[in-house]
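# predicted model follows, preceded by the sequence.
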Amino acid sequence: MNMSSLDIDYLLTTSDPVAVDNLYEQAAALRDSVYGHNIFLRGLIEISNHCRNNCLYCGIRRELKTQRYRLTKEQILDCCHTGHELGFRTFVLQGGEDAWFTDEVLCDWVAEIKRRFPDCAVTLSLGERGRESFRRLREAGADRYLLRHETADATHYARLHPSEMSFEHRMQCLRDLRDLGYQVGTGFMVGSPYQTLETLKKDLAFIADFRPEMVGIGPFIPATGTPFEQHSAGSIELTLRLIAILRLLLPNALLPATTALGTLHPTGRERAIAAGANVIMPNLSPQDTRALYSIYNNKLSTGSEAAETVADIRARLKAIGFETPVDRGDFKR
Ligand code: SAH
């Protein structure tokens with residue numbers, strides 16, 4: 001479906017529960033028609049909370065005085081090993097924009113993961129880099145890159161980020177990643193400060209036009225010590241509606257039921273699946289660093305270990321009738 005065939009204003013604002021249920025059902029049916037009753041698991045490995053950026057919403061922003069950590073190559077490979085045994089076939093390396101991550105370091109890590117786990121996809125989510133860096137990482141074996149655009153409205157972008165960050169550069173990164181043959185993920189927070197119905201419609205229009213393979217959206221959750229610590233969290237209901245609309249716009253997209261949704265509501269992720277999501281990213285990070293990757297408050301499963309987190313998620317999915325195939329879960333063309 002395209003933007004003009006959907007009444008986005010109505011879908012985002014109606015208080016008619018029947019209309020909302022219809023939206024979710026239509027989205028879930030469309031997901032099933034492409035991917036079946038399958039939810040793809042990606043093992044999230046939070047590799048560093050060092051960051052050169054100062055995004056106003058983020059709990060690991062540069063200015064925030066917090067304990068910093070960075071995983072070693074061995075720790076990352078251990079996480080992958082654990083994940084592989086648990087049936088994961090995608091590893092997502094996420095982190096702050098850590099200056100220590102030179103192309104040499106990252107290319108070595110990516111190549112080693114691909115050598116040891118040739119049946120797995122590697123996704124990177126390490127913020128903005130130059131085109132040449134993206135090219136080298138792709139050559140080293142990275143398959144996918146997640147870089148949320150955060151907002152498609154340049155004025156809104158400037159209110160969420162310090163002036164040294166540029167909306168244009170973030171968008172340029174997304175175009176470069178696409179050109180270089182990555183499966184590209186973008187997305188935004190729902191209910192970020194200063195977001196409006198108009199900026200959300202711009203987000204949807206941008207996504208409908210760019211057609212990313214993956215779109216990650218989750219509610220904004222305040223992080224203590226940030227300029228936005230007093231702002232309220234985004235709405236679960238609005239997030240679910242946006243997931244469903246994204247499914248209608250991009251039937252083949254990989255749409256995660258995000259940890260932020262699970263953090264705000266005990267069954268937030270299950271509800272996202274009922275609204276058309278088809279990916280969950282359980283945390284594979286080492287138990288002792290999890291709590292330090294605190295991009296927002298009360299993040300889910302910071303106290304548990306990988307096997308526990310995964311068993312819990314599998315049980316929840318089984319209870320609502322979904323399979324978790326041992327599969328890379330690539331985008332279907
Ligand atoms: N440094 C990487 C990874 C950032 S963390 C990058 O820039 O892409 C991944 C995502 O978490 C961000 O893109 C942002 O949309 C989300 N996030 C950050 N702070 C958040 C908060 N307070 N509440 C909800 N989501 C947040």
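Received, thanks.
# mind listing what's buried in stretch 253-263?
Ala253, Leu254, Leu255, Pro256, Ala257, Thr258, Thr259, Ala260, Leu261, Gly262, Thr263 (16 or more other CB atoms under 10 Å). In this view, the C-beta of every residue, glycine as well, is placed from N, C-alpha and C.
# gap between the last one and Lys202?
Looking back up the chat, that one is Thr263. Counting by CB to CB, to the nearest Å, the gap from Thr263 to Lys202 is 26 Å.
# quick one: average pLDDT of the longest helix seen in the chain?
Of all the segments of type helix in the chain, defined by DSSP state H, the longest one is helix 17-35. The average pLDDT within helix 17-35 is 98.
# and it, what does it pack against?
helix 8-13, helix 236-249, helix 268-274 (3 or more CB pairs under 8 Å, 6 or more residues apart in numbering; DSSP states H and E).
# which residues touch the shortest one?
Under the criterion CB atoms under 8 Å, 6 or more residues apart in numbering, residues Ala19, Leu23, Leu197, Leu200, Lys201, Leu204, Leu238, Arg241, Leu242, Ala244, Ile245 lie in contact with helix 8-13.
# buried ones among those residues?
Among these, those scoring as buried are Leu23, Leu200, Lys201, Leu204, Leu238, Arg241, Leu242, Ala244, Ile245 (criterion: 16+ other CB under 10 Å).
# what does the stretch 51-200 of the chain put close to the ligand?
Contact residues, the stretch 51-200 of the chain versus the ligand (CB under 6 Å from any ligand atom): Tyr57, Cys58, Gln94, Gly96, Glu97, Ser125, Leu126, Gly127, Leu147, Arg148, Glu150, Met189.
# what about the nearest residue in space to the fifth one that is not next to it in sequence, how many neighbours?
With CB to CB, 6 or more residues apart in numbering as the criterion, Glu97 has its nearest non-adjacent residue at 4.0 Å, and that residue is Gly127. A count of neighbours around Gly127, defined by other CB atoms under 10 Å, yields 20.
# and Gly127, what pLDDT?
Model confidence at Gly127, given as pLDDT, is 98.
# gap between it and Pro212?
Counting by CB to CB - Gly127 and Pro212 are separated by 17 Å.
# and the next helix or strand past the longest helix of the chain?
strand 40-41 (DSSP states H and E).
# the helix or strand that that following strand is followed by - contacts with which helices or strands?
Read in the C-terminal direction, the helix or strand following strand 40-41 is strand 43-48, with elements assigned using DSSP H and E. Under the contact definition 3+ CB pairs under 8 Å, 6+ apart, strand 43-48 sits against helix 73-85, strand 90-95.
# quick one, what contacts the closest residue to Gly321 other than its chain neighbours?
Distances taken as CB to CB, 6+ apart put His37 closest to Gly321, at 6.4 Å, once the chain neighbours are dropped. For His37, the set of contacting residues under the criterion of CB under 8 Å, 6+ apart consists of Gly321, Phe322, Glu323.
# for PyMOL, write a command that selects the buried ones of those residues.
Here is the PyMOL selection string for the buried members of those, based on 16+ other CB under 10 Å:
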select buried, resi 322
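# coming back round to it: report the distance from the longest helix of the chain to the chain centre.
The chain centroid and the centroid of helix 17-35 are separated by 21 Å under CA atoms, centre = their mean, to the nearest Å.
# the strands in this structure, which residues?
All strands of the chain, identified by DSSP state E, fall at 40-41, 43-48, 90-95, 121-125, 144-146, 183-190, 214-219, 279-280.
# save those as JSON lines, and put in distance to Tyr157 and mean neighbour count too.
JSON lines is the format used below for these (distance: least, CB to CB, whole Å; neighbours: other CB atoms under 10 Å):
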{"stretch": "strand 40-41", "distance to Tyr157": "30", "mean neighbour count": "23"}
{"stretch": "strand 43-48", "distance to Tyr157": "24", "mean neighbour count": "26"}
{"stretch": "strand 90-95", "distance to Tyr157": "21", "mean neighbour count": "23"}
{"stretch": "strand 121-125", "distance to Tyr157": "19", "mean neighbour count": "23"}
{"stretch": "strand 144-146", "distance to Tyr157": "18", "mean neighbour count": "26"}
{"stretch": "strand 183-190", "distance to Tyr157": "10", "mean neighbour count": "24"}
{"stretch": "strand 214-219", "distance to Tyr157": "16", "mean neighbour count": "25"}
{"stretch": "strand 279-280", "distance to Tyr157": "25", "mean neighbour count": "25"}
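# now the ones you listed as CSV including distance to Tyr69?
Conversion of the strands of the chain to CSV gives the following (distance: least, CB to CB, whole Å):
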stretch, distance to Tyr69
strand 40-41, 25
strand 43-48, 7
strand 90-95, 10
strand 121-125, 17
strand 144-146, 21
strand 183-190, 24
strand 214-219, 23
strand 279-280, 25
